[in-house]
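1. 3D model of this:
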Amino acid sequence: MDETITQILIPLAALVGIGFALVQWILVSKVKVSSGSEPAMLDINGNKGALLGEDDEEEGIDSYEAVHKCAEIQNAISLGATSFLFTQYKYLGIFTVVFSAIIFLFLGSVNGFSTKSEPCTYNQGNLCKPALANAIFTTIAFLLGALTSVLSGFLGMKIATFANARTTLEARKGVGKAFITAFRSGAVMGFLLAANGLLVLYVTINLFKLYYGDDWEGLYESITGYGLGGSSMALFGRVGGGIYTKAADVGADLVGKVERNIPEDDPRNPAETLPGWAQTFLARMQNHPAPALFVASISSFGTTHDYSAMSYPLIISSTGIVVCLLTTLFATDLSEIKNVTEIEPSLKGQLLISTVLMTAGIASVTFFALPSEFTLYDFGTEKAVKNWHLFVCVSIGLWAGLVIGYTTEYYTSNAYGPVQDVADSCRTGAATNVIFGLALGYKSVIIPIFAIAFAIYVSFSLAAMYGIAMAALGMLSTIATGLAIDAYGPISDNAGGIAEMAGMSHKIRERTDALDAAGNTTAAIGKGFAIGSAALVSLALFGAFVSRAGVKIVDLLTPKVFIGLLVGAMLPYWFSAMTMKSVGSAALKMVEEVRRQFNDIPGLMEGTAKPDYATCVKISTDASLKEMIPPGALVMLTPLIAGTLFGVETLAGVLAGSLVSGVQAGATEHARMLGPKGSDAHKAAVIGDTVGDPLKDTSGPSLNILIKLMAVESLVFAPFFATHGGLLFKLL
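-> As a prediction, the model looks like this:
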């Protein structure tokens, strides 16, 4: 592929993705929500009759009053969410400044802050840029990655709080209208984040190239800082957001559903206004093509200055945006949801359609972008690779992701036997429900692990570590669709809560519940994709770290490596214990506060008095900001301590152990309510769901970030560890 075409294709695809997101935003905006005195929602021609849904007239609902309540609830959620985010960003801002200084000081000290150029490792004797320049540009890339991740979290929050009440209002016209609104809103987030990440990375590479020139290795070494910035913000966002929402969920469920027998999202429950979006939208920018770009920089692409071949990972990501755009049209324009049973198949169909179309897209760009044959300098040895090998590598990652997704759906959907068995276990109490749920969670990892193992074997056999990196990118190539489906879930969840709190009809709540149920399953599919891609990305980063640190062989039988392996395997459990305890501590305070309000506020149960929502919001906010620091510090400090005190071999063991252990950890419980609300079976299901919630929404989803973050951090600091690492062993 001509370099000029490549230079145009990548930013054009990103801009098309952003433009498509804006179009979807405009379409969603046509559903008007207002808390003023004027009619809150009109049709496109301004007719007031559009306010009445087909069930409003049947059940005597005051449409204007209902819309007014929806607007008030949406406004309260938006204000609370914005306040939480800005408070969290103050803490993350301090961390970003401090860690930026650490990056600069550690990498700058590798060569004594010298400005003298030195020979490149692989580029056949060419001079690389000095270590000081690498420290500066890596620090800048880190800041850009952190900023992009923070912006992604903010955009996700604004989109979710913009769309939730609109989905509720559209549910009055039918489930199809509500589905389109929720999915289009999810698409806004999915395409904005995917396209924004690609565009920022592309611009950063081209700006850095003005200095680095043909030094591809130095350029992409510094670009790894972008991944470190995004992943670090993602970890703190995921942990903090998970604690924030799960503390509220546990308090609301245990006191509201079990003790007081009131419905979910009942406005009398003081813990119910906390939005369930936080753990979903704050962790989106840790997935990008940087690992594949770095591995490619030490191939023959770098010596022949083949820009198109070097940009192959970016071209794959660009193709993915176009494919996902076409896929989205199948859900919003080319088909129509007429009843609730069609929702989940439509979402699952998005995964299959995007996979099939992306396979064709991979084939087309692979044979145009890559030479028919090229050489990989496989960390010291040469390997001849053909372009069709890369097509297989990317495709196998893509289809392995689909296998993982459908397997996850089988184990989490109430349409199949596994979850029905868990639901049936509720008849004998919460204990059997938890036992069945844990067994199901452990069993659910078997097929995904075999799929990942197969993808690793095939891709490594064909194209070594570059093949694994591209398989990971293939699994993430349809990320815009994945994010759209993932964002659809909390938007639908919030829509149901708003319908309940606004006192809307039972039929409307049934529709929003159906949207939410499908969203819960597809959210689990998204988590499966995340952990699968994390395994592949982390393995590629591990190989790059070993190369950059100058380690030729990682011998598991040596004590240095084996102790690292043990510690690394323990880290996901230590991390999970910290996050689970954090949720438990915050939930304990929340339960006590909710009980206090029900006991002390006269008329609360009767609905004649309003609960004190602000106190519950403060409990979750304070707990999340305080409790997110220790788990985040554990992940960020472990590579620094292991590499500095024990050296690169021990750190290699830590990375290997955390990778193997982290991929298989985080088993979750998924319980379906059995029996009428208020029954013993229903209460057992609520308790089981409460136990599983922190696992599936706080600890589990953070583990994929943990293993990637530790790997990319080790890669960034590899020159420092190779030069100054192993201080403890040197003293001994």
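2. what about this protein, any weak spots by pLDDT?
-> 1, 34-64, 115-130, 272-288, 298-305, 378-381, 666-679, 732 (pLDDT under 70).
3. What count of nearby residues applies to residue 461?
-> By other CB atoms under 10 Å, the residues close to residue 461 number 12. (Each C-beta comes from the backbone N, C-alpha and C, glycine too.)
4. go on, the one 4 residues further on?
-> One way to gauge burial is a neighbour count; for residue 465, by other CB under 10 Å, it gives 26.
5. out of everything not next to it in sequence, what's closest to it?
-> residue 543 (3.8 Å; CB to CB, 6 or more residues apart in numbering).
6. Work out for me the element that neighbour sits within.
-> helix 506-548 (DSSP states H and E).
7. which element follows that helix toward the C-terminus?
-> Downstream of helix 506-548, the next assigned helix or strand under DSSP H and E is helix 559-600.
8. just how off-centre is that next one within its chain?
-> In terms of CA atoms, centre = their mean, to the nearest Å, the centre of helix 559-600 is set 20 Å apart from its chain centre.
9. do stretch 467-487 as well
-> In this view, stretch 467-487 has its centroid 11 Å away from the chain centroid, taken as CA atoms, centre = their mean.
10. And the strands in this protein?
-> Applying DSSP state E to the chain gives strands spanning 118-119, 127-128, 373-378, 381-386.
11. Wait, the residue nearest to residue 465 touches residue 468, no?
-> Yes: contact criterion CB atoms under 8 Å: residue 543 and residue 468 qualify, at 7.4 Å.
12. Comparing the two, which residue is more hemmed in?
-> Set residue 543 next to residue 468 and count neighbours by other CB under 10 Å: residue 468 wins out with 31 against 22.
13. In contact with the more buried one, which residues?
-> When contacts are counted by CB atoms under 8 Å, 6 or more residues apart in numbering, residue 468 touches 393, 456, 459, 460, 536, 539, 540, 543.
14. ok, now how distant is the fourth one from residue 313?
-> Taken as CB to CB, to the nearest Å, the spacing of residue 460 relative to residue 313 amounts to 17 Å.
15. Repeat that for the second one.
-> Distance from residue 456 to residue 313, counting by CB to CB: 18 Å.
16. go on, the last one?
-> Going from residue 543 to residue 313 by CB to CB gives 15 Å.
17. if I pick residue 558, what's in contact with it?
-> By CB under 8 Å, 6+ apart, the residues touching residue 558 are residue 649.
18. Show the backbone phi and psi for it.
-> The phi/psi pair for residue 558 (degrees, to the nearest 10) reads phi -80, psi 140.
19. sorry, back to before: tell me which of residue 456 and residue 313 has more neighbours.
-> The neighbour count for residue 456 versus residue 313, taken as other CB under 10 Å, is higher for residue 313 (25 against 21).
20. what's the nearest residue to residue 295 if we skip its chain neighbours?
-> In this structure, residue 295 finds its nearest non-sequential neighbour in residue 466, 4.6 Å apart by CB to CB, 6+ apart.
21. isn't that neighbour right next to residue 296, touching?
-> Yes: contact criterion CB under 8 Å: residue 466 and residue 296 qualify, at 6.1 Å.
22. Looking at the two, which is more packed in?
-> It is residue 466, of residue 466 and residue 296, that has more neighbours when counted by other CB under 10 Å, with 33 against 25.
23. Could you pick out the longest helix of this structure?
-> The longest helix of the chain (DSSP state H) is helix 63-108.
24. Counting by contacts, list what that helix packs against.
-> helix 131-170, helix 216-251, helix 479-501, helix 613-627, helix 629-641, helix 718-724 (3 or more CB pairs under 8 Å, 6 or more residues apart in numbering; DSSP states H and E).
25. rerun at 7 Å
-> The contact analysis (3 or more CB pairs under 7 Å, 6 or more residues apart in numbering; DSSP states H and E) places helix 63-108 against helix 131-170, helix 216-251, helix 479-501, helix 613-627, helix 718-724.
26. Redo those helices as JSON lines? Include distance to residue 176.
-> As requested, the helices and strands packed on helix 63-108 are exported to JSON lines (distance: least, CB to CB, whole Å):
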{"stretch": "helix 131-170", "distance to residue 176": "9"}
{"stretch": "helix 216-251", "distance to residue 176": "29"}
{"stretch": "helix 479-501", "distance to residue 176": "14"}
{"stretch": "helix 613-627", "distance to residue 176": "33"}
{"stretch": "helix 718-724", "distance to residue 176": "53"}
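27. closest one to residue 349 among those helices?
-> Using CB to CB as the measure, helix 479-501 is the one of the helices and strands packed on helix 63-108 that comes nearest residue 349, at 10.6 Å.
28. Please name every helix or strand in contact with the closest one.
-> helix 63-108, helix 131-170, helix 175-212, helix 278-281, helix 312-332, helix 343-369, helix 506-548.
29. Only the C-alpha atoms, please, for that helix, written as CSV.
-> Only the C-alpha atoms of helix 479-501 are listed here, as CSV (Å, rounded to 0.1, in the frame of the first residue of the first chain):
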residue,chain,number,x,y,z
ILE,A,479,-13.9,-2.7,19.8
ALA,A,480,-16.3,0.0,18.7
THR,A,481,-19.1,-2.6,18.5
GLY,A,482,-18.0,-4.2,21.7
LEU,A,483,-18.1,-0.8,23.5
ALA,A,484,-21.5,0.0,22.0
ILE,A,485,-23.0,-3.2,23.3
ASP,A,486,-21.2,-2.8,26.7
ALA,A,487,-22.5,0.8,27.1
TYR,A,488,-26.0,-0.3,26.1
GLY,A,489,-26.2,-2.3,29.4
PRO,A,490,-25.8,0.4,32.0
ILE,A,491,-27.9,2.8,29.9
SER,A,492,-30.8,0.3,29.9
ASP,A,493,-30.2,-0.4,33.6
ASN,A,494,-30.5,3.3,34.5
ALA,A,495,-33.6,3.6,32.2
GLY,A,496,-35.4,0.9,34.2
GLY,A,497,-34.5,2.6,37.5
ILE,A,498,-35.8,5.9,36.3
ALA,A,499,-39.0,4.3,35.1
GLU,A,500,-39.5,2.8,38.6
MET,A,501,-38.6,6.0,40.5
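30. Determine the angle, from 0 to 180 degrees, between that helix and helix 216-251.
-> For helix 479-501 against helix 216-251, the angle by axes from the mean of the first three to the mean of the last three CA atoms, to 10 degrees is 20 degrees.
31. the inter-axis angle of helix 479-501 versus helix 63-108?
-> Using the same axes, to 10 degrees, helix 479-501 lies at 140 degrees relative to helix 63-108.
32. which of the residues in stretch 536-545 are buried?
-> Neighbour-count burial for stretch 536-545 flags 536, 537, 538, 539, 540, 541, 542, 543, 544, 545 (criterion: 16 or more other CB atoms under 10 Å).
33. Out of these, which comes closest to residue 487?
-> Closest approach between the buried residues of stretch 536-545 and residue 487, by CB to CB: residue 537, at 21.7 Å.
34. I'd guessed that closest one sits against residue 708; true?
-> Yes: proximity of residue 537 to residue 708 meets the contact threshold set by CB atoms under 7 Å, at 5.5 Å.
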